[in-house]
Structure formats: structure tokens, C-alpha cells
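S.K.: got a predicted structure plus its sequence, pasted below:
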Amino acid sequence: MSGFPWAAFAVNLGAAAGAALVVLLATFVLASAKGVHRIVDSAWGLAFAAVAATSCALAASGGHGDAGRRGLVTALTVVWGLRLCLHIARRGRGHGEDPRYERLLAKAGPGRARRAWYALRMVYLLQAALVWLVSLPVQAACYAPRPIGPLAVAGAVVWAAGVAFEALGDQQLHAFKADPANRGRIMDRGLWAWTRHPNYFGDFLVWWGLYLLACVSLPVAAATLVSPLTMTFLLTAGSGKALLERHMADRPGYAAYRARTSGFFPRPPRRPPRSPDHPSRSR
């Protein structure tokens with residue numbers, strides 16, 4: 001069995017960066033024309049799908065990698081990316097600018113050109129770089145010469161659990177918000193009773209699962225470990241959980257919800273503390 005084709009993989013790194021950049025730059029042009037930069041969130045998943053498809057095509061054309069592993073990791077990444085893209089696009093339809101981007105672009109100062117240049121640097125180019133970095137296991141798996149084995153199967157199972165968790169959480173939240181009776185209330189049902197961020201936890205599983213598909217040797221596993229670690233940081237301490245919770249902190253009922261519900265890893269909700277004015281009865 002031949003070793004990992006590092007030289008061909010290095011060429012792919014440049015092509016993958018180009019694929020991510022094309023998607024994000026096209027999104028920048030569209031968002032600038034519409035005056036709404038929130039659509040970049042939809043492009044996040046689409047950029048990963050583009051990187052996966054590009055890596056798969058280049059590896060196949062060069063005769064690199066195992067066809068089964070290459071096809072599997074590409075299919076899993078494209079399915080996840082397109083589902084996320086469509087979900088976010090549906091969620092944002094009919095809404096104006098996201099408050100996160102309004103606050104960010106306010107730092108650029110007055111002037112349309114200045115705000116556009118700031119958005120390009122701080123949103124679009126940054127996201128393109130992150131897509132390239134986080135997708136390293138997907139790129140590497142396309143070039144891995146070993147056929148699918150137990151570790152790859154385990155990775156696919158972890159990925160499937162993550163997509164199911166994320167999709168179900170998104171569906172439950174969409175249904176909750178669609179009911180006018182829930183206006184102003186905190187979603188604390190279904191998966192949202194077990195974790196405050198089922199969608200982020202699902203993404204966490206997805207990217208650790210895809211990482212397992214790239215673990216064909218110690219050097220490859222070590223070279224791509226930065227990907228799931230970076231995604232974990234983004235989800236828990238970067239633009240995911242931490243940022244959203246700062247935004248939600250002042251919502252009525254959120255403090256109580258936070259006290260009884262796990263912040264990330266799912267677990268049964270805690271029971272609220274019993275009031276000292278209402279002691280439990282002895283049996």
C-alpha cells in the first residue's frame with residue numbers, strides 16, 4: 001500500500017482555499033448589493049461543500065486516495081453543508097440585518113465603501129480562512145490510500161448522530177417559534193431541555209466524526225487535529241455558544257433555564273432547588 005501523497009495534498013490545499021474564497025467572495029458581492037450581510041451564514045455550509053467537492057475531484061483525477069473513503073467523506077460533508085445552508089437561508093428569509101453584523105460593521109465608521117471593506121476583511125475573508133482550516137480532515141481523507149475500516153465507520157456513525165441531533169434541534173426550535181403562543185418565551189423543550197445548544201453540539205459531533213475519517217496514520221491525524229479543535233473552540237468559546245449567550249443573558253427566564261440546563265453536552269435537566277418555605281414531607 002502506498003503512503004499518503006503529501007505533495008499532491010499540498011497542491012490540493014491551494015485549490016481548497018480557492019474554492020472557499022470563490023464562495024465567500026460571491027456571497028460578499030451578493031450581500032453588498034442587497035445591503036444585508038447575514039446571508040454569509042448560509043454560505044458557511046456551502047463553502048465546506050465546495051471544498052469537499054473540489055478535493056474529491058482533484059484526488060480522483062490524480063489517482064490519489066481510496067475511492068470509497070473519498071466518496072464517503074465528500075458525501076457526508078456536502079449533505080451537512082447543504083442542509084445547514086438551506087436551514088439558515090429559510091430561517092433568515094424576510095428578516096433584515098443580523099444584529100451581530102450591525103454591531104460589527106458599526107466599528108468601521110461612516111461610509112459605504114469603508115463598511116464594505118471592513119466586512120470583506122473581518123467577515124468574508126476570515127470565514128474563508130476558517131473553512132479552509134476546519135476542512136483539513138475532509139481534504140486529507142480524499143487523499144488517504146487506505147480503504148474504509150472500523151475507525152472510518154465509527155466516524156460516519158458519529159457524523160450521523162451529529163447531523164440528526166442538529167437537524168432535530170433546528171426543527172424543534174422552528175416549530176416552537178412558529179407558534180404565536182410562545183412569543184417571548186425561552187425554548188426549553190425536546191433536545192433544548194437537555195442542552196442549551198443542540199445545534200452546536202451536533203456540529204461538534206459532525207466535525208469530530210469527519211476527523212476520524214482522516215485518521216489513517218499518526219502523521220495525518222496529527223496534521224489535521226487542528227480542525228476539530230478549532231471547530232470546538234468556535235462552537236463553545238468563539239462565535240457560537242459564548243456569543244449567543246451574551247445576547248440572551250437579559251431575556252426573561254433565561255437565567256433559570258441556564259441554571260437547570262447543560263451548556264453544551266446533553267444531560268437530563270436539573271430539578272429547580274426546593275424553596276425553604278416549602279420543605280419536602282417525610283414519608
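M.R.: Looks like it arrived, so ask away. Numbering: from 1, shown residues only.
S.K.: name the helices or strands packed onto the helix or strand bottoming out on mean pLDDT in the chain?
M.R.: Least confident helix or strand, the chain: helix 241-248 with a mean of 79, by mean pLDDT, DSSP states H and E. The contact analysis (3 or more C-beta pairs under 8 Å, 6 or more residues apart in numbering; DSSP states H and E) places helix 241-248 against helix 99-106. The C-beta positions use only the backbone N, C-alpha and C, and glycine is treated the same way.
S.K.: C-terminal to the helix it packs on, what's the next element?
M.R.: Next helix or strand after helix 99-106 toward the C-terminus (DSSP states H and E): helix 112-119.
S.K.: any idea of the mean pLDDT in that following helix?
M.R.: Taken as a whole, helix 112-119 has a mean pLDDT of 87.
S.K.: tabulate the CA atom coordinates of the following helix or strand past it in PDB.
M.R.: Toward the C-terminus, helix 112-119 is succeeded by helix 126-134 as the next helix or strand (DSSP H and E). Provided in PDB are the C-alpha atoms of helix 126-134 (Å, rounded to 0.1, in the frame of the first residue of the first chain):
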ATOM      1  CA  LEU A 126     -11.900  35.400   7.800                       C
ATOM      2  CA  GLN A 127     -14.700  32.800   7.200                       C
ATOM      3  CA  ALA A 128     -12.900  31.600   4.000                       C
ATOM      4  CA  ALA A 129      -9.800  31.000   6.100                       C
ATOM      5  CA  LEU A 130     -11.700  29.200   8.800                       C
ATOM      6  CA  VAL A 131     -13.500  27.000   6.200                       C
ATOM      7  CA  TRP A 132     -10.100  26.000   4.800                       C
ATOM      8  CA  LEU A 133      -8.600  25.300   8.200                       C
ATOM      9  CA  VAL A 134     -11.600  23.400   9.600                       C
END
